[in-house]
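A.B. asks: Here is my input; please provide its structure:
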Amino acid sequence: MSTRFSPRTIMVAGVLLAVLAGHAMPLQARINGEMGIRLQDAVAAALVSMVVALVVILAVTAGTPGGRRGLDRLRTETRAGTIGWWNYLAGIMGAVFVVVMAATAPIIGLAIYTVVVVAGQTVSGLMVDRLGLGPGGRRRITPARGLGVLLAIAGVLVAVSPRLSGLADPAALVVPILAVFASGIIMSLQHGFNGTVAARAGSPLPGTLVNYILGAAVLLAVWLVKLALGGHVPVLPREPWLYVAGALGTGNLILSAILTRHIGILVTGLGMIAGQLIGALLLDLLLPAEGTAIYVQTVVGIAIVLAAMFLAALGPGRPRVGRGAGGEQGKKNEAESVGTTVGGSPAD
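C.D. replies: Residues are numbered from 1 along each chain as shown. Coordinates of the predicted model:
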């Protein structure tokens with residue numbers, strides 16, 4: 001039995017879920033960072049996280065009727081050519097994102113990294129929605145959505161501004177900053193491609209499984225090259241909590257695949273950014289790391305990003321969903337986005 005909700009109710013619920021999903025990101029980053037310190041290898045830490053995530057999603061997909069049906073449907077849709085091959089690049093994009101993060105964050109600092117990746121993600125999210133590369137078809141750029149992007153970037157700048165002072169030799173940071181900006185663009189494309197595969201398969205599980213298979217393969221190849229060039233084989237720590245990051249990432253990816261279908265890539269990204277900032281603040285308050293400090297600018301920046309998210313999601317001039325990269329699927333999703341079934345997306 002299904003219950004129909006208004007588009008505004010779906011938008012509000014989707015935004016709240018996106019914010020909740022964003023809370024997992026700082027915790028995931030903290031755990032992966034600690035794993036990288038223990039292993040003395042950021043790429044190896046990312047590979048461990050990806051493998052754990054792969055095991056989790058494989059068990060869920062194979063162990064649930066919906067997952068197995070989705071896998072069969074994904075196989076059928078792929079053979080029929082209704083899912084573009086480029087949608088399967090999402091897993092490689094995820095691996096590239098993690099590698100860029102591991103390689104550049106220690107160089108430019110976490111504060112600048114956050115600003116640049118958010119800028120790339122929000123700008124890309126706006127354009128990906130406009131071009132219809134996600135499962136929801138095309139969403140036109142309204143003044144509210146454009147202003148929401150600008151406010152989101154401004155909010156993150158304000159939030160991290162206390163940590164941006166005292167930079168030495170900014171010119172040396174140009175190349176890593178450009179790489180981080182590109183990874184932010186890739187992140188929005190990854191969300192769009194994952195959402196498209198989830199819509200075609202009728203479930204986010206099989207697409208997420210393929211995503212992690214490809215991502216783990218890429219990270220394994222990168223780590224093996226690094227090992228051949230003089231790396232070392234790390235000893236894995238025994239603490240179970242150090243392996244939770246992969247499961248958090250799996251849940252986040254599945255939820256984003258569902259949300260992008262109903263509220264768009266831009267709003268999903270803004271919601272997760274807001275949740276990331278709030279989660280980071282709570283983490284610093286409740287479980288502060290060494291040298292952690294809470295600034296007034298951080299709280300103000302979070303408030304600005306929240307305002308930007310709600311402006312883009314609920315502001316005047318609600319974007320019309322049209323036929324995008326998915327062809328008839330974009331038109332179908334327009335009708336499906338009017339309502340949803342209790343407990344999941346219409347295709348679940």
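A.B. asks: Would you check how far apart the spatially closest residue to Y243 that is not a sequence neighbour and A257 are?
C.D. replies: Nearest residue to Y243, sequence neighbours excluded (C-beta to C-beta, 6 or more residues apart in numbering): V52, at 5.2 Å. (C-beta placed from N, C-alpha, C; glycine too.) Using C-beta to C-beta, to the nearest Å, one obtains 19 Å as the distance from V52 to A257.
A.B. asks: Compare these two (neighbour count), which wins?
C.D. replies: Comparing V52 with A257 by neighbour count (other C-beta atoms under 10 Å), the higher total belongs to A257, at 31 against 21.
A.B. asks: can you pull the contacts of that one?
C.D. replies: By C-beta atoms under 8 Å, 6 or more residues apart in numbering, the contact set of A257 is H191, N194, G195, V197, A198, P204, G207, T208.
A.B. asks: and with 7 Å instead?
C.D. replies: Listed by C-beta atoms under 7 Å, 6 or more residues apart in numbering, the contact partners of A257 are N194, G195, A198, P204, G207, T208.
A.B. asks: Check which helix or strand it maps to.
C.D. replies: Using DSSP states H and E, the element containing A257 is helix 245-263.
A.B. asks: Toward the C-terminus from that helix, list the very next helix or strand.
C.D. replies: On the C-terminal side of helix 245-263, the nearest following helix or strand under DSSP H and E is helix 265-286.
A.B. asks: So what touches that next one?
C.D. replies: Outside helix 265-286, the residues that reach it (C-beta under 7 Å, 6+ apart) are 15, 18-23, 25-27, 30, 118, 121-122, 125-126, 128-129, 134, 145, 148, 152, 159, 188, 191-192, 256, 259-260, 292, 294, 298, 301-302, 305-306, 308-309, 312-313.
A.B. asks: thinking again about what came up before, dump the residue contacts of the residue nearest to Y243.
C.D. replies: If a contact means C-beta under 7 Å, 6+ apart, then V52 has Y243, G246, A247 as its contacts.
A.B. asks: Just the buried residues out of the contacts of helix 265-286, in PyMOL syntax.
C.D. replies: In PyMOL, the members of these classed as buried (16 or more other C-beta atoms under 10 Å) are selected with the following command:
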select buried, resi 15+18+19+20+21+22+23+25+26+27+30+118+121+122+125+126+128+129+134+145+148+152+159+188+191+192+256+259+260+298+301+302+305+306+308+309+312+313
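A.B. asks: So which of the contacts of helix 265-286 sit within strands?
C.D. replies: With strands taken from DSSP state E, there is no overlap with the contacts of helix 265-286.
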